[in-house]
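# A structural model of the following input is requested.
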Amino acid sequence: MLPETTPDDDDVAELRDAFDRLDGLVELPADRRFIVITVPLTAGFPAIEAAVNAWTAARNCGWEYGNVHDEDWWVGEPG
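Got it, this is the predicted structure:
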């Protein structure tokens, strides 16, 4: 994720809560310029996409995905 403004502690906590439910890990550097989320494939892309879209829509924040190891598990465009 590439937030336009630095997310505060409450923003990060909300994101971590959403991804804790998916057994995901939310990480960001000290300057909070970007956010990396690691989620097991077993969470399923619809759940991942819903969590990402909910958080980013409220913050006008872009996102990308990477390191997808199975070409058949996802079809579409990131939010």
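
# Low-confidence ranges, this structure, go.
67-79 (pLDDT under 70).

# need the helices for it, in chain order.
9-20, 45-57 (DSSP state H).

# among these, which is the most enclosed?
helix 45-57 (a mean of 17; mean count of other CB atoms under 10 Å). All C-beta spots, glycine's among them, are computed from the backbone N, C-alpha and C.

# Spatially nearest residue to the residue most central in space within the chain, not counting backbone neighbours?
Central residue of the chain (CA atoms, centre = their mean): Val52, 4.5 Å from the mean position. In space, and not counting its chain neighbours, Val52 is closest to Trp63: 5.5 Å by CB to CB, 6 or more residues apart in numbering.

# How about Ala51?
Closest to Ala51 by CB to CB, 6+ apart is Ala18, at 4.3 Å.

# Likewise for Arg21?
Closest residue to Arg21 in three dimensions, ignoring its sequence neighbours and counting by CB to CB, 6+ apart: Ala51, at 7.9 Å.

# ok, that neighbour touching Asp23?
No: at 11.9 Å, Ala51 does not count as touching Asp23 under the criterion of CB atoms under 8 Å.

# Give the intersection of the neighbour lists for the two.
Residues touching both Ala51 and Asp23 (CB atoms under 8 Å, 6 or more residues apart in numbering): none.

# Would you quantify the distance from the residue nearest to the centre of the chain to Asp9?
Using CB to CB, to the nearest Å, Val52 is found at 19 Å from Asp9.

# quick one, what contacts the residue nearest to Phe19 when sequence neighbours are not counted?
Excluding the flanking residues, the one nearest Phe19 by CB to CB, 6+ apart is Val26, at 5.3 Å. Val26 makes contact with Val12, Leu15, Arg16, Phe19, Ile35, Val36, Ile37, according to CB under 8 Å, 6+ apart.

# What's opposite Val26 in the beta bridge?
Ile37 (DSSP bridges).

# Begin at 50, not 1, for the rest of this chat.
That works, and once the first residue is 50, the last one we named lands at Val75.

# That one and Val88, how far apart?
Noted for Val75: a distance of 9 Å to Val88, by CB to CB.

# Quickly list what's touching both of the two.
Here Val75 and Val88 have Phe68 as joint contacts, going by CB under 8 Å, 6+ apart.
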